[in-house]
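[1] Structure for this input, please:
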Amino acid sequence: MTDTKRLRIAIQKSGRLSTDCQNLFKQLGIKLNLREQKLIAHSTNMPIDILRVRHNDIPGLVMDGVCDLGIVGENELVEMQAERQRLSLPSKVNKLAKLDFGYCRLALAWPQELGLIDKNWFQDKKIATTYPAILSEYLTRENISASLVNLSGSVEVAPRAGLADAICDLVSTGATLEANGLMQGETIMESYACLIQSPTLDCSNKSALIEKLLPRLKAVKQAKESKYIMLHAPKARLKEICDLLPGTGQPTMLALAGSDEIVALHMVSQETLFWETMESLKQLGASSILVMPIEKMME
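    Reported below is the predicted structural model:
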């Protein structure tokens, strides 16, 4: 019998997004008893159950209140919302956070032998896709009249098989498109994984647990985007050095033994171009520059 007081979170059963979700749970301090063949995993330190399902089932499970939370790609969420609206089924969710993993993009592609083309080429053509709602919205916005061929997989083979003139599919590196003789075109949607909540959630204990997890989620994201910097800096160039390192607060300055002109500077910075930045810091007289990752950070 299912304990309805436990928070239920739906994630992808397998694949890169599943691995990213499991890593996130670990960073959030959620301990899980995961087994490869089991579709439900129970947390051993929090009242949380993880349901491992197909990625395109996650939005519906959250919309219907079967699961309280879900982690799903924005592309899947938008497509499922459009489909359920068409069928007059519940389609609302509360989007709690956009995550920093699961990036992909939905792009148009066509046979390489056609070379470069413009949007007018798609008029009255057949386009194969797994995301008809997103593609339809794009075509309407661009005033393009085209026929859609709905496929659940292997969209890349559609032009060679004579099923369509072009495709609209998820692209990461573009290697799959190239291997199937296709040229990559315009990106019509960029997508990240997002955390969604059921609008029917009505449990104070579950809501309190979510409110506890959200600051942790924010802290994990901030830690990934930041670095801890330690360096020796000449006092005369402190302002210029700090301007190179946008931080989350004021830096800590410590006196160095035997020197009145140089201080030790410690700070958290969100700067990402560290090789170039370190070289600029050196030109300003900084030395002993250390850049370290941050595991956890809470303001």
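
[2] Give me the below-cutoff pLDDT ranges for this protein.
    The chain contains residues with pLDDT under 70 at 1-3, 247-248, 271-273.

[3] ok, which stretches of the stretch 51-200 of the chain are strands?
    Along the stretch 51-200 of the chain, the segments classed as strands by DSSP state E, counting those that start in this stretch run 69-73, 94-98, 104-111, 126-129, 147-150, 166-171, 182-191, 193-197.

[4] What is the fourth one packed up against?
    With contacts defined as 3 or more CB pairs under 8 Å, 6 or more residues apart in numbering; DSSP states H and E, the secondary structure elements packing on strand 126-129 are strand 147-150, strand 166-171. (C-beta placed from N, C-alpha, C; glycine too.)

[5] now what about the last one, what contacts it?
    To tie it back to what came earlier, the one meant is strand 166-171. Under the contact criterion CB atoms under 8 Å, 6 or more residues apart in numbering, strand 166-171 has outside partners 75, 104-111, 122, 125-131, 134-135, 155-156, 158-159, 177, 182, 184, 187-188.

[6] that older thread, ranking the helices and strands packed on strand 126-129 by burial, who's on top?
    Mean neighbour count (mean count of other CB atoms under 10 Å) peaks for strand 166-171 among those, with a mean of 24.

[7] mind checking the longest helix of this structure?
    Using DSSP state H, we find that the single longest helix of the chain is helix 204-225.

[8] What residues of that one count as buried?
    Buried residues in helix 204-225, counted by 16 or more other CB atoms under 10 Å: 206, 209, 210, 213, 216, 217, 219, 220, 221, 222, 223.

[9] Next: stretch 180-187.
    Buried-residue list, stretch 180-187, by 16+ other CB under 10 Å: 180, 182, 183, 184, 185.

[10] Give me the contact list for stretch 49-56.
    By CB under 8 Å, 6+ apart, stretch 49-56 touches 2-3, 6-15, 17-18, 25, 32, 34, 38-43, 61, 67, 72-73, 76, 80.

[11] Can I get the buried residues of helix 204-225 in TSV including distance to residue 229?
    Formatted as TSV, these follow (distance: CB to CB, whole Å):
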residue	distance to residue 229
206	39
209	35
210	33
213	29
216	24
217	24
219	19
220	20
221	19
222	15
223	14
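
[12] Tell me the one of these nearest residue 142?
    residue 221 (33.9 Å; CB to CB).

[13] Quick one: residues contacting the closest one.
    Residue 221 touches 99, 100, counting by CB under 8 Å, 6+ apart.

[14] Kindly recompute the last result at 6 Å.
    By CB atoms under 6 Å, 6 or more residues apart in numbering, the residues touching residue 221 are residue 100.

[15] Need the buried residues of stretch 180-187 in JSON lines (columns: distance to residue 173).
    JSON lines is the format used below for those (distance: CB to CB, whole Å):
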{"residue": "180", "distance to residue 173": "13"}
{"residue": "182", "distance to residue 173": "13"}
{"residue": "183", "distance to residue 173": "14"}
{"residue": "184", "distance to residue 173": "10"}
{"residue": "185", "distance to residue 173": "15"}
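
[16] for the residues you listed, which one is nearest residue 143?
    residue 185 (17.1 Å).

[17] Which residue, neighbours along the chain excluded, lies closest to that closest one?
    residue 108 (4.0 Å; CB to CB, 6 or more residues apart in numbering).

[18] Hmm, residue 41 is touching residue 35, no?
    No: in this structure residue 41 lies outside contact range of residue 35 using CB atoms under 6 Å: 7.3 Å.

[19] Which one's more surrounded, the two?
    More crowded of residue 41 and residue 35, by other CB atoms under 10 Å: residue 41, with 20 against 9.

[20] so the more buried one is in which element?
    strand 40-42 (DSSP states H and E).

[21] and what of residue 8?
    Here residue 8 is assigned to strand 7-12, by DSSP H and E.

[22] chain center to that strand, what's the gap?
    16 Å (CA atoms, centre = their mean, to the nearest Å).

[23] Please identify the pairing partners of it and their relative orientation?
    Within its sheet, and counting by DSSP bridges, strand 7-12 is paired with strand 48-53 (parallel), strand 69-73 (parallel).

[24] Could you save the ones you listed as TSV and add columns showing mean neighbour count?
    Compiled in TSV, the strands paired with strand 7-12 are given as follows (neighbours: other CB atoms under 10 Å):
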stretch	mean neighbour count
strand 48-53	21
strand 69-73	26
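
[25] what about those, which gets the closest to residue 274?
    Of these, nearest to residue 274 by CB to CB is strand 69-73, at 29.8 Å.

[26] The closest one vs strand 182-191, what angle?
    Here strand 69-73 runs at an angle of 150 degrees relative to strand 182-191 (axes from the mean of the first three to the mean of the last three CA atoms, to 10 degrees).
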